[in-house]
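Asker: 3D, please:
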Amino acid sequence: MYFLFLLLSLSSTSFAVSNCLNPLSVVQSVLDDPLPGENLGACVGSGNTETDASIALKMKQILDSKGIFILYDEISSDPNFVSPQGESKALVSEKIPELVIVKEGNDWKLSAATRELIPKIHKETFSPVVLGILNSFPQSTTLSFLGIYLWQYIFFILLITFGWFFARIADFLLVKQLIRIAHNRSIKINEDLLLRSRRPILGIVLGGILLISAPDLMLSIRPSLVIHVTANALLSISLIFLLSALIDSIASILTAKAILTDSKLDDQIIPLLTRAAKTLLWVLGIIFVLQNIGVEVTALVAFGSVGGVAIALASKDTVENLFGSIVVFVDQPFQIGDWVIIDGSIEGVVEEVGFRSTRIRSFADSLISVPNTKIALSTVNNFGERKYRRFTTTIGLRYDTSRSKVQTYIERIRAHLQENPKIRKEAIYIYFKALGSHSLDIMVYTFFTVPDWREELAAKEELLLEFMRIAEDLEIGFAFPTTTIEVEQGSKSVSSFNIPTNSELPQKD
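Answerer: Sure, this is the predicted structure:
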């Protein structure tokens, strides 16, 4: 809204005050240039023309220097105006509630308290140094360009120069010294994140100095408004970037600590919380920036509330998944890197847990996105939480193996498992289980004490090779399936022979 006024002409309007019958007339008598024959501040109400003009001028300078643009449409023109409190009283601006217009008889005027307070506010608003310089060099107020005096240009340039210089000092003291102290005390910090905060610090310092010193420029309302809007925007946006860098710094520290923990889920929670915090920061920050530059945020928030209800109804599944993700984080049925089977059909390794879904890398290397609501309602078989990894196999020896060799073979395997550091000693089961159809079956049942699947495969390979080595030492052969076929001609059996399996047939070169 303000930018519309910035496009208007810089010239002042003139208004003839023939009476003071409403609050708007009082404001116009202060802010508008009087027509010939009229006095500035005709509706101030002190009873003295010079005093009225002085109070009106100071009040206008106060409003202009603070960048307070008075919208006449918001000032009542009703002679019988009554405030919500039931009083014949109106405010010039809600930003300065001390400026009050009251009705006395049939006329409206500034209240007596307001007339006494305006000179005090004027002294508090402007630096006595600037006022002293202007009084000492009145000729400085005669040279102007585009409605701005020469001294105001000079003061603005000095203000920017001083602000930049002070910002560089703040940058040196806050950032560079912090890095130096961290190095001297052997504290690990993310220098890149700290260096990212340098520009926001410059913006905050420069915007703050510009905002504080802007009244001393004593500009008219539109140039003053431009400076206030620019300074507020620079200050607010720089603060948002600084807080964003601070969130990243805290997240970096927490991530370094999370790596040292056994749980892998916190490695995923920290990025999620970081994104959520930065999203909330930017949403609130944008609202704050819009409010500072004069945008009516109340209507925007009200519209957002109504729209939020509609969006919530339209995104029911998303909300359910959000609560499902909370259940996953609180209950922790798995961690990042765990091998899981969800609902008996979805199998793979957990890669990422998000607000809406969990991503699982299948063993076919495809990526499966499972809604968190389904995970919260499904059975989760987590192989990653196994303390031990089961190993079971059946060793088939040839039928021509002697009883003593079978017994020796079993004892050698049992002894090896007892000495193997990767085997759970309380669960070693090795027995001659059965006389099979084609082999002497020895059952091996035990558990590996390894942390992941890769080491499980390596331990299994090592164990199977050891079974083969012991068999070679004892000159024992492993059995293979055979089939006996008898061919009859008439009533006589002609021959019988064994048919080997495909693996025993001679192969062509």
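Asker: Could you use CA atoms for every contact and neighbour count after this?
Answerer: Noted.
Asker: Helix or strand with the lowest mean pLDDT in this structure?
Answerer: Lowest mean confidence among the helices and strands of the chain (mean pLDDT, DSSP states H and E): helix 2-6, at a mean of 40.
Asker: Identify the residues contacting the closest residue to residue 323 other than its chain neighbours.
Answerer: Nearest residue to residue 323 in three dimensions, chain neighbours excluded: residue 373, at 7.5 Å (CA to CA, 6 or more residues apart in numbering). Contacts for residue 373 (CA atoms under 8 Å, 6 or more residues apart in numbering) come out as 320-325.
Asker: can you put the residues you listed in JSON lines and add pLDDT and distance to residue 124?
Answerer: Shown next, in JSON lines, are the contacts of residue 373 (pLDDT from 0 to 100; distance: CA to CA, whole Å):
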{"residue": "320", "pLDDT": "71", "distance to residue 124": "56"}
{"residue": "321", "pLDDT": "70", "distance to residue 124": "56"}
{"residue": "322", "pLDDT": "69", "distance to residue 124": "52"}
{"residue": "323", "pLDDT": "74", "distance to residue 124": "54"}
{"residue": "324", "pLDDT": "76", "distance to residue 124": "57"}
{"residue": "325", "pLDDT": "74", "distance to residue 124": "55"}
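Asker: Of those residues, which belong to helices?
Answerer: Counting by DSSP state H, the part of the contacts of residue 373 found in helices is 320-325.
Asker: could those go into a markdown table alongside distance to residue 65 and neighbour count?
Answerer: As requested, the ones in helices among the contacts of residue 373 are exported to a markdown table (distance: CA to CA, whole Å; neighbours: other CA atoms under 10 Å):
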| residue | distance to residue 65 | neighbour count |
| --- | --- | --- |
| 320 | 52 | 16 |
| 321 | 52 | 23 |
| 322 | 49 | 19 |
| 323 | 51 | 17 |
| 324 | 54 | 22 |
| 325 | 52 | 24 |
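Asker: just curious, which of these is nearest to residue 230?
Answerer: residue 322 (38.9 Å; CA to CA).
Asker: which SS class is residue 394?
Answerer: strand (DSSP: H, G, I helix; E, B strand; the rest coil).
Asker: which two from the ones in helices among the contacts of residue 373 end up farthest apart in space?
Answerer: Farthest-apart pair in the ones in helices among the contacts of residue 373 is 320 and 325; separation 8.6 Å (CA to CA).
Asker: Show me which positions of stretch 388-401 end up buried.
Answerer: By 16 or more other CA atoms under 10 Å, the buried positions in stretch 388-401 come out as 388-389, 395-399, 401.
Asker: tell me which of those is nearest to residue 411?
Answerer: Of all these, residue 395 has the smallest distance to residue 411: 13.8 Å, by CA to CA.
Asker: residues in contact with that closest one?
Answerer: If you count contacts by CA under 8 Å, 6+ apart, residue 395 has them with 440-444, 478.
Asker: Distance of residue 258 relative to residue 332?
Answerer: According to CA to CA, to the nearest Å, residue 258 and residue 332 sit 16 Å apart.
Asker: Checking residue 77 next. Helix, strand or coil?
Answerer: Counting by three-state DSSP, the backbone at residue 77 sits in coil.
Asker: The one 5 residues further on too?
Answerer: Classification of residue 82 into helix, strand or coil gives coil, according to three-state DSSP.
Asker: Give me the local confidence score for it.
Answerer: In this prediction, residue 82 carries a pLDDT score of 86.
Asker: Give me the below-cutoff pLDDT ranges for the stretch 351-500 of the chain.
Answerer: Residues of the stretch 351-500 of the chain that meet the criterion pLDDT under 70 lie in 483-484, 489-500.
Asker: hey, where'd the helices end up in it?
Answerer: Assigned by DSSP state H, counting those that start in this stretch, the stretch 351-500 of the chain shows helices spanning 372-377, 403-419, 453-473.
Asker: Would you mind listing the buried residues in the first one?
Answerer: When neighbours are counted by 16+ other CA under 10 Å, the buried residues of helix 372-377 are found to be 372-376.
Asker: what's the answer for the last one, then?
Answerer: Using 16+ other CA under 10 Å as the burial criterion, the residues of helix 453-473 that qualify are 456, 459-460, 463, 467, 470-471.
Asker: Neighbours of residue 404, how many?
Answerer: Around residue 404 there are 9 other residues, counting by other CA atoms under 10 Å.
Asker: State the distance from it to residue 395.
Answerer: Applying CA to CA, the value for residue 404 to residue 395 is 16 Å.
Asker: what's the answer for residue 386, then?
Answerer: Look at residue 386 and residue 395: by CA to CA, they are 26 Å apart.
Asker: what do you get for residue 379?
Answerer: According to CA to CA, residue 379 and residue 395 sit 35 Å apart.
Asker: got it, and residue 96?
Answerer: Residue 96 is 93 Å from residue 395, where distance means CA to CA.
Asker: Give me the residues contacting stretch 448-460.
Answerer: 384, 387-391, 422-424.
Asker: hang on, the earlier thing: what is the nearest of the ones in helices among the contacts of residue 373 to residue 45?
Answerer: Distance to residue 45, by CA to CA, is smallest for residue 322 among the ones in helices among the contacts of residue 373, at 62.9 Å.
Asker: Adding distance to residue 88 as columns, could you present the buried residues of helix 372-377 in a markdown table?
Answerer: Formatted as a markdown table, the buried residues of helix 372-377 follow (distance: CA to CA, whole Å):
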| residue | distance to residue 88 |
| --- | --- |
| 372 | 61 |
| 373 | 60 |
| 374 | 64 |
| 375 | 65 |
| 376 | 63 |
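Asker: if we take these, which one ends up nearest to residue 231?
Answerer: Taking CA to CA as the measure, residue 231 lies nearest residue 372 of those, at 44.9 Å.
Asker: In contact with the closest one, which residues?
Answerer: Counting by CA under 8 Å, 6+ apart, residue 372 has contacts 321-322, 324-325, 328, 355-358.
Asker: could you dump those to JSON lines with distance to residue 338?
Answerer: Below are the contacts of residue 372 laid out as JSON lines (distance: CA to CA, whole Å):
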{"residue": "321", "distance to residue 338": "21"}
{"residue": "322", "distance to residue 338": "22"}
{"residue": "324", "distance to residue 338": "19"}
{"residue": "325", "distance to residue 338": "17"}
{"residue": "328", "distance to residue 338": "14"}
{"residue": "355", "distance to residue 338": "19"}
{"residue": "356", "distance to residue 338": "19"}
{"residue": "357", "distance to residue 338": "16"}
{"residue": "358", "distance to residue 338": "12"}
